[in-house]
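*Asks:* compute the structure for the input listed below.
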Amino acid sequence: MSKTEGFFLMMKRAFYRKSDRLNMRGFTLVELMVVATIFVLLILAIFAISSGGTRAWFTSEAQMDINMQARRIIQQMTDEISQAGPGRVTITNISASEDNIIFQMPVSFALGVLTWSDQIQYSLGGINGQQIVRTRIDPATSVVLETQTFANYVTALRFNYIDTEQDALAITLTLIRQSVAGDNLQIQLNSQVAFRNR
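*Replies:* Here you go, the predicted model:
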C-alpha cells in the first residue's frame, strides 16, 4: 500500500466516524418545536375546513326545508282560495303579522243553483303559533268539523285584496328557521290569487 492510498484510507475512516457521530446525535429542541408547530397548524387548518363545510351543509339543508315548506303552503292555499267566490271571502286582521281568511268553494251546480262548501279558514296557530292551521267549519252551526295543522316556522301570514272589486287577493307568507349551525334563515313568498267563481 502506498502512502497516498494509506492517506485516503485514513481520511475515509475519519469521515465515517464523524458522520456516524452526526447521525446519532438526534433532533434539537428547536427542530422539534418547528415540527410540532407545523403539525398543529395543519390540524387546525383541516378542522377549520371541515367545520366550515359542515356549517354550510346544515345551513343549506335548513334553507331547502323552509323553501319547500313555503312553496307547498302557498300552492295549497292558492289552489283552494282561487276556487272561492268574491262574496264568500272574509279577511280578518289579527295583528301586524297575522291575518286569517275564511272562504267557501262551490261544490256543485244543479238546476241553476250553486252549492257552496263548508267554510274553510287559514290562520296561524299550532306549536308556538308558528304553524298554518286549516279549519273546516259548518257555516250553519259554526262547529269545527276538521282541523289540520301543517307547515312549521311560519312567522307571518297576510292576506290583502289587490283591487277595489275584491275579486283577487295577495298572500304573503314569511318563514324563519334557525339551522343547526345557529344561522337564522328567512324566506318570504308572495302569491296573487284571482277568484275563478265570480
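*Asks:* buried residues in the helix or strand Thr115 falls within?
*Replies:* Secondary structure assignment for Thr115, by DSSP states H and E: strand 113-116. Within strand 113-116, the residues scored as buried using 16 or more other CB atoms under 10 Å are Trp116. Any C-beta I mention is one placed from the backbone N, CA and C, and that applies to glycine too.
*Asks:* in its sheet, what does that strand sit against?
*Replies:* Partners of strand 113-116 in the sheet, by DSSP bridges, are strand 106-110 (antiparallel).
*Asks:* now the partner strand: how far from the chain's centre is it?
*Replies:* Distance of strand 106-110 from the chain centroid (CA atoms, centre = their mean, to the nearest Å) equals 41 Å.
*Asks:* swap in stretch 115-131?
*Replies:* Remark: stretch 115-131 is offset 24 Å from the chain centroid, using CA atoms, centre = their mean.
*Asks:* likewise for stretch 34-51?
*Replies:* Distance, stretch centre to chain centre, for stretch 34-51: 31 Å (CA atoms, centre = their mean).
*Asks:* Asn152 versus Ala56, what's the distance?
*Replies:* Distance of Ala56 to Asn152, computed by CB to CB, to the nearest Å: 22 Å.
*Asks:* these two: who's more crowded?
*Replies:* Legend: neighbour count by other CB atoms under 10 Å for Ala56 and Asn152, higher for Asn152 (16 against 13).
*Asks:* in the protein, where is pLDDT below threshold?
*Replies:* 1-3, 8, 14-25, 197-198 (pLDDT under 70).
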